[in-house]
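In: could you work out the structure for the sequence below:
(chains A, B and C)
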Amino acid sequence: MSATTLTATERSPRMAIATLRSLVWLLGSIAVLSPVFADEYWLNSILIPTIAMGLAGIGLNLLMGYAGLVSLGSAAFMSIGAFATYNLLLRATWLPLPLTLIAAGTITGVVGVFFGLPSLRIKGFYLAASTLGAQFFFEWLFTSFRWFSNNSLTLTISAPRLELFGLDLRSAPGRYLLVVIVTAILWLLANNIVRSRIGRDWMAIRDMDKAAAVIGIPVAGRQLLAYGISSFYTGIAGALFAFAYLGTADAHSFDLDKSFEVLFIVLIGGSASLAGNFLGAAFIVLTPIVLTRVVEWFDLATVFDNGVLVNVERMLFGVIIIVLLIREPDGLASLVERIVARWRVWPLRA
Amino acid sequence: MTATQNDPLLRVQDISLSFRGIRAITELSFGIARGEICSLIGPNGAGKSSLLNVINGVYWPDSGQILFEGQAFPRLQARQAARLGIARTFQNNALFKRLSVIDNVLTGLSRHGQADVLAQVFRLPAARREDRRFRERAEEIMEFLHIDAYRDVVVGQLPFGLQKRVELGRALVSRPIFLLLDEPMAGMNQAEKADMSRFVADINHYLGVTVLLIEHDIGVVMNLSDHVVVLDYGRKVGDGTPASVRENPDVIAAYLGTKH
Amino acid sequence: MHYFLVILTSGLLAGIMYAMVAIGFVLIYKASGVFNFAQGSLVLFAALSFVTLTEHGLPFWAAFLVTSLMMVVAAVIIERLVLRPLVDRSPLTLFMATLGLSFVIEGLAQLLMGTDVHQLDLGIDDVPTNFLGLELSQFDLFASAVAIVLVAVLSLVFGRTRIGISLRGVADDTLAAQSIGIRLPTIWRVVWSVSGVVALVAGLLWGARQGVQFSLTMVVLKAMPVLIIGGFSSIPGAIVGGLLVGASESLADIYLGPLLAGGAVSNWFAYMLAVGFLLVRPSGLFGDRTIERV
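Out: Okay, the predicted model is just below:
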């Protein structure tokens, strides 16, 4: 066949994302170079959480956007990753950090497959209940059994060490580098998965699972694989979130609200695009900060005290979710994509 | 003595099927020779789609069995049927609406994929080679069906007739031996039907695929088929060449609604 | 044995309260096919409005009436701004919209009426009385009585009146219902209003028990397993589901809790129970079974 067919690999509906991708790459390069210029605040409070939550978003996105399976318990799987990493760092001191993360992710993946078993019998919305069960179960588990937090009185965990090849990564630039490198690698792999046969099988199951079964796609196996891979990603994201961002975490750092945050990230970012998750995460992370700044700027502290701000934020998120669902079901990613596309033709428009 | 008559590719043997007390198919038996185009006709509700579903394992008959290439299957699994080389299209275009044309066609090859999960995650050479092979194969089929120009279009946006061809592509890409077509020309005008007839004939002639199709347009049936089977209320009332079936009084009665 | 009966019965009574919240969900699900995640926030909103009014001097029934009217207004606004634009989208999309809605309502409620815990006194104290030989909470008995009355009223209203029959028509087949003149927006407004009043009643009872505060929104999380077990579209199912969940939670906490050395097993027990049910009966005890056509 001619060369054009061979190179036309990914010019499918996701082709539009190419422009978005270049945009994100641009921002990404800026981000990677940031430790050189950026101050600690920027790294600590904005970049690190955005990237970590973006990774969590990718995990949920693979499950919901590509495989069409619901999960309202993402935070629970983040907590499994965090607690698994903690215990491995503590008890398996001979494991280097990369392997520790991979092991923690794998543990989370296995648990994810287990909690995904109901998906073989239960469809759509009912599946949300099963994942909510996981959410509450793990919050209970990590607060009821002190072993997971090494018998700490406060049931909290913090990384005993974070090092790679002898370099201490606990500084802000160190944690930042850790998060960026891990996420970049996992993002690349997620891209591979999505464009492969597995990705197509998932989307086929999402669109019409009965037809997928009839043409020979192993639906059950693929669904469980989706839960496994998604949980792997979410688990590692949880570990990064706990140790590279929070520093100290407990089971309640990964409560239902956090699950909703991850859900919103996928919704806002756009469920058919991996890059969009970082847009969504940026939105989630930046909104509270921007709101606080606006209040400071306009000296509205007396009117908008902290309690008020929290509620305004809540309302704002709710409104945005509703508006996006109504008008922009493919999330911010497709909106940005359309804007960028219009920009490119702008000089040529009559 | 023709070899085809003695060892049919498919034999339906005493198949009975009922839904909640309603008999859809009653003791149906007939055979389909290798390489022929067989049409299944009959008034609405005669059990034609149900029969297709039995043949490719979506429904299990209450009694009777399917013999495919001489092997007997009282209960056939859908995946098994796919593996045996039985492919089908559906009345309502069971396509993956949010995927592109080429992605839809590629899903037809999915069950032939050998590259394992890790190879795909890391895009190892084995996975890349397989991907290239599958895409080449998909391109072949899309060219054959004249849909290659639409390869990147999301299927949900295509007109119905083109969607039907995409579904055909998805069914053909895995080189099936036997193709089941459920009303492939429903909703088409005369020109489109002529096109589709040509495609079906080409599939049979050039790709060597045996075809069983459900069709209502008698003109199409007469022109296209080698063999016609007529169903009425789940029973066979005619079975033979198009000409012989046309003269069959039982068939005429079934279509005119005479009670029997 | 006596102890067991007491635990069981108090669990059952708690279950009736769950059922009451669940009924609000069932109404909305029957009419619009959506699991209204915002029901919990409606409970909070209703209860907060009520206490704010009574704290400003309004007598009980006046406050009840005014709050009910507010819930009707809310229903109309929600129908217009959220439900109508999303009318033919997937159930999951609608669910997420109600999730967003819950955030809006919670934020608004607390913005306008503050985040303090309010005490709510309905005049019935939570003291044990002797009922049929068992020591049960007077309040629980009162709540159960209210729930029974509520269900009776709802059954009458929806079983006999024109609106009720229209509702059942809509639940069966929206297109057919519309073609004979039933107006969907009207139905939705009615149903959401009724649901709002149910939320108010539930809010009063729950609020009297544990104070009117943000945690009231958590009732929605309890309602989900109730509905899964009882089926989303059945009021008797909601009651049976509520009883089952209430009883098993209560028993699980007392008998299972010590075994698992943990605290509130009831946090997740109901969900696991629901999942267990789903594996056996994917559409719940009383739910509609859908047949998929190929």
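
In: okay, CA-based contacts and neighbour counts for the rest of this
Out: Will do.

In: C:V219: what secondary structure?
Out: Three-state call for C:V219 (DSSP: H, G, I helix; E, B strand; the rest coil): helix.

In: what about it, neighbour count?
Out: If you count neighbours by other Cα atoms under 10 Å in any protein chain shown, C:V219 ends up with 21.

In: helix or strand for the residue nearest to it when sequence neighbours are not counted, which one?
Out: Leaving aside its chain neighbours, C:V219 sits nearest to C:G40 (5.8 Å; criterion: Cα to Cα, 6 or more residues apart in numbering or on different chains). Taking DSSP states H and E as the definition, one finds C:G40 inside helix C:39-55.

In: distance of the nearest residue to A:E40 once chain neighbours are set aside from A:L162?
Out: Spatial nearest neighbour of A:E40, chain neighbours left out: A:A172 (6.3 Å); criterion: Cα to Cα, 6+ apart. A:A172 is 12 Å from A:L162, where distance means Cα to Cα, to the nearest Å.

In: now do the strands in the stretch 151-300 of chain A.
Out: Along the stretch 151-300 of chain A, the stretches classed as strands by DSSP state E, counting those that start in this stretch are A:156-158, A:163-164, A:167-168, A:248-250.

In: ok, and what's touching the first one?
Out: The list of residues contacting strand A:156-158 from outside it, by Cα atoms under 8 Å, 6 or more residues apart in numbering or on different chains, reads A:83, A:86, A:149, A:242-243, A:247-251.

In: low-confidence ranges, the chain, go.
Out: I'll assume chain A. A:1-38, A:124, A:166, A:271-272, A:301-304, A:330-337, A:340-341, A:344-350 (pLDDT under 70).

In: oops, I was thinking of chain C
Out: Applying pLDDT under 70 to the predicted model, the residue ranges of chain C that meet it are C:124-126, C:131-135, C:159-160, C:163-165, C:167-178, C:261-263, C:282-294.

In: tell me where it has helices.
Out: Defined through DSSP state H, the helices belonging to chain C, from first to last, are C:2-32, C:39-55, C:60-78, C:91-113, C:138-160, C:162-172, C:174-179, C:184-210, C:219-230, C:235-251, C:266-280.

In: let's have the ones you listed in CSV, adding distance to A:I122.
Out: Putting these into CSV (distance: least, Cα to Cα, whole Å) gives the following:
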stretch, distance to A:I122
helix C:2-32, 19
helix C:39-55, 24
helix C:60-78, 30
helix C:91-113, 14
helix C:138-160, 30
helix C:162-172, 22
helix C:174-179, 25
helix C:184-210, 28
helix C:219-230, 11
helix C:235-251, 18
helix C:266-280, 7
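
In: nearest to B:L9, of those helices?
Out: Proximity to B:L9, assessed across the helices of chain C by Cα to Cα, is greatest for helix C:266-280 (40.4 Å).

In: how many neighbours does residue 47 have?
Out: Chain wasn't specified; assuming chain A. 23.

In: wait, I meant chain C there
Out: Around C:A47 sit 31 other residues, with neighbours defined as other Cα under 10 Å.

In: about what we covered before: which neighbouring elements make contact with the helix holding C:G40?
Out: Where contact means 3 or more Cα pairs under 8 Å, 6 or more residues apart in numbering or on different chains; DSSP states H and E, helix C:39-55 is packed against helix C:60-78, helix C:91-113, helix C:184-210, helix C:219-230.

In: packing partners for the last one?
Out: What it means is helix C:219-230. Secondary-structure packing of helix C:219-230 (3+ Cα pairs under 8 Å, 6+ apart): helix A:124-144, helix C:2-32, helix C:39-55, helix C:235-251, helix C:266-280.

In: surely B:L40 forms part of a helix?
Out: No. Inclusion of B:L40 in a helix is not indicated when three-state DSSP is applied; the result is strand.

In: dump the residue contacts of it.
Out: Shown in contact with B:L40 (Cα under 8 Å, 6+ apart): B:48, B:212-215, B:228-231.

In: closest to chain C among the residues you listed?
Out: Comparing the contacts of B:L40 against chain C with Cα to the nearest Cα places B:K48 closest, at 13.8 Å.

In: if I look at the nearest residue to C:Q39 once chain neighbours are set aside, how far off is C:V153?
Out: Residue nearest to C:Q39 in three dimensions, not counting chain neighbours: C:V220, with 6.4 Å by Cα to Cα, 6+ apart. With distances taken as Cα to Cα, C:V220 is found 23 Å from C:V153.
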